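Asks: got a predicted structure plus its sequence, pasted below:
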Amino acid sequence: MAKAESQAVPMVSVLLPVRDAQATLPECLASLAAQTLPDYEVVAVDDGSRDASRQILEQAARRDHRLRVLGTAAQGLVAALNAGLALARAPLLARMDADDVAHPERLARQAERLARDPALSVLGCAVAMLGHPGHANAGMQAYVAWQNGLVDHAAIERDLWVESPLVHPSVMLRSATLRGVGGYRDCGGPEDYELWLRGYAAGWRFAKLRETLLQWRDTPGRLTRVDPRYAPERFRAVKLGALARGPLAGGREAVLWGAGRIGKAWSRALRAAGHRVAAFVEVDPARVGGRLHDAPVVGVAGAASFRGPLHLAAVGQPGARERIRKAAGDLGFLEGRDLLAVA
């Protein structure tokens with residue numbers, strides 16, 4: 001690409017944080033170089049790599065002026081993302097991780113959909129696991145299948161409080177939209193999930209392409225597996241903070257459907273944050289009539305007595321969430337206003 005062309009504002013900026021990724025970075029960069037959409041730039045932020053990642057990036061940048069490299073001291077993922085965001089020039093921002101592989105048409109298809117739907121804020125795509133089969137445990141495989149099935153805004157909104165409904169390196173979003181909420185935040189937990197919740201509160205609309213356009217690598221050393229910021233209790237803390245600013249604001253009480261492990265964990269977290277749990281709802285007759293964490297345990301019919309609190313379907317067993325949704329609906333509770341599913 002000619003020097004003058006490299007100064008033009010591209011259609012898409014790919015935000016690529018890098019830390020010690022020499023084993024996978026060449027394949028990642030090759031997948032970006034093979035994109036059918038030519039009008040893009042890659043903003044690669046080398047976050048203090050101790051291996052050959054910086055050299056690999058600089059060599060690739062000499063071959064392709066669309067690749068811009070920023071080297072920083074090791075400051076962490078959120079700082080790297082915000083540093084890259086500050087340099088990104090395009091109106092659309094695509095995320096990518098240094099160990100993933102993009103389908104050749106990924107950028108073109110996502111940019112086309114966002115151009116066609118100006119009300120859309122964030123657009124993901126379906127992903128497939130990449131790596132040795134032993135690295136993708138049953139839980140991760142179930143998560144990928146679950147989030148791949150959340151395609152339109154209504155489905156994503158419905159399950160937003162369960163788990164992150166979008167794989168971060170699969171998304172493309174509008175740069176101005178991201179900057180409008182202040183970019184990424186270091187919340188001590190999952191920075192991508194915190195962003196989706198914050199964006200949702202700001203009125204963002206979400207969607208996902210059904211096509212599998214990203215190969216998402218899973219390894220034992222991935223941050224989501226080894227970094228305490230991605231532990232279940234940190235996800236719960238991020239959810240609870242967003243709920244406290246939204247549906248639980250003003251001292252609204254909570255009712256927990258489910259008195260198992262997930263329900264008890266939510267009860268402890270709610271109480272520690274100063275929220276009162278008005279009751280537990282249980283289908284097991286042996287548990288109904290007792291008390292748990294100083295709250296009464298009632299049957300499904302008894303839930304009708306608690307119209308003011310926010311009802312939280314805090315279960316994880318297959319099918320249990322849908323059964324609660326139906327039972328609550330039969331009692332006249334409206335999902336999104338009266339009931340939310342959490343995990």
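Replies: Looks like it came in fine.
Asks: only C-alpha atoms for contact and neighbour calcs from this point on.
Replies: Noted.
Asks: could I get the buried residue list for the strand or helix carrying A145?
Replies: Element membership for A145, per DSSP states H and E: helix 138-148. For helix 138-148, a neighbour-count test (16 or more other CA atoms under 10 Å) marks 144, 147-148 as buried.
Asks: what about it, average pLDDT?
Replies: The pLDDT scores in helix 138-148 average 92.
Asks: packing partners for it?
Replies: strand 122-130 (3 or more CA pairs under 8 Å, 6 or more residues apart in numbering; DSSP states H and E).
Asks: partners of the strand it packs on in the sheet?
Replies: Next to strand 122-130 in the sheet, as set by DSSP bridges, lie strand 172-174 (antiparallel), strand 206-217 (parallel).
Asks: now do the contacts for the closest residue to P247 other than its chain neighbours.
Replies: Closest residue in space to P247, ignoring its immediate chain neighbours: L310 at 7.2 Å, by CA to CA, 6 or more residues apart in numbering. The contact partners of L310, by CA atoms under 8 Å, 6 or more residues apart in numbering, come to 247-248, 252-255, 337-340.
Asks: mind redoing it with 10 Å?
Replies: Listed by CA atoms under 10 Å, 6 or more residues apart in numbering, the contact set of L310 reads 243, 247-248, 252-256, 277-278, 333, 335-340.
Asks: now the helix holding A145 against strand 206-217, angle please.
Replies: Angle of helix 138-148 versus strand 206-217, following axes from the mean of the first three to the mean of the last three CA atoms, to 10 degrees, is 150 degrees.
Asks: state the next helix or strand along the chain beyond helix 138-148.
Replies: That would be, after helix 138-148 and using DSSP H and E, helix 153-158.
Asks: got a list of contacts for that following helix?
Replies: So helix 153-158 is contacted by 120, 122-123, 147, 149-150, 160, 162, 164-166, 197, 200, 204-208, 335-336, 340-341 (CA under 10 Å, 6+ apart).
Asks: strands of the stretch 51-200 of the chain, residue ranges please.
Replies: 67-72, 92-95, 101-102, 122-130, 172-174 (DSSP state E, counting those that start in this stretch).
Asks: in the first one, what counts as buried?
Replies: What it means is strand 67-72. Neighbour-count burial for strand 67-72 [16+ other CA under 10 Å]: 67-71.
Asks: just the fourth one next, same as before
Replies: Of the residues in strand 122-130, those buried by neighbour count under the rule 16+ other CA under 10 Å are 122-127, 129-130.
Asks: average model confidence for it?
Replies: 96.
Asks: ok, stretch 188-203 next?
Replies: 97.
Asks: go through it and flag the buried ones.
Replies: Result for stretch 188-203 [16+ other CA under 10 Å]: buried residues 189-197, 199-200.
Asks: which ones among these map onto helices?
Replies: 191-197, 199-200 (DSSP state H).
Asks: can you redo the residues you listed as JSON lines with distance to A314?
Replies: JSON lines is the format used below for those (distance: CA to CA, whole Å):
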{"residue": "E191", "distance to A314": "23"}
{"residue": "D192", "distance to A314": "22"}
{"residue": "Y193", "distance to A314": "18"}
{"residue": "E194", "distance to A314": "19"}
{"residue": "L195", "distance to A314": "22"}
{"residue": "W196", "distance to A314": "20"}
{"residue": "L197", "distance to A314": "18"}
{"residue": "G199", "distance to A314": "23"}
{"residue": "Y200", "distance to A314": "21"}
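Asks: relative to E27, which of the residues you listed is nearest.
Replies: Looking at these and their distance to E27, the nearest is D192, at 23.8 Å (CA to CA).
Asks: distance of the nearest residue to the closest one once chain neighbours are set aside from L240?
Replies: Excluding the flanking residues, the one nearest D192 by CA to CA, 6+ apart is H168, at 6.2 Å. Distance of H168 to L240, computed by CA to CA, to the nearest Å: 21 Å.
Asks: repeat that for Q215.
Replies: If you go by CA to CA, the gap between Q215 and L240 works out to 31 Å.
Asks: equivalent analysis for G260, please.
Replies: From G260 to L240 the distance is 18 Å (CA to CA).
Asks: please say which of these two ends up with more neighbours.
Replies: Set G260 next to L240 and count neighbours by other CA atoms under 10 Å: L240 wins out with 21 against 13.
Asks: you'd agree the more buried one is up against W161?
Replies: Yes. With contact defined as CA atoms under 10 Å, L240 reaches W161; the gap is 9.3 Å.
Asks: okay, and the common contacts of those two?
Replies: V342.
Asks: can you tell me the closest non-neighbouring residue to the residue located most distally from the centre of the chain?
Replies: In the chain, the residue that sits farthest from the middle, by CA atoms, centre = their mean, is G289; the gap is 38.3 Å. In space, and not counting its chain neighbours, G289 is closest to V297: 5.5 Å by CA to CA, 6+ apart.
Asks: ok, the buried residues of strand 122-130 vs D20, which is closest?
Replies: Scanning the buried residues of strand 122-130 for proximity to D20, where the rule is CA to CA, the winner is L130, at 18.5 Å.
Asks: the closest one reaches V144, doesn't it?
Replies: No. In this structure, L130 is not within contact of V144 by CA under 10 Å, at 11.6 Å.
Asks: what's the distance between stretch 154-173 and the middle of its chain?
Replies: 5 Å (CA atoms, centre = their mean, to the nearest Å).
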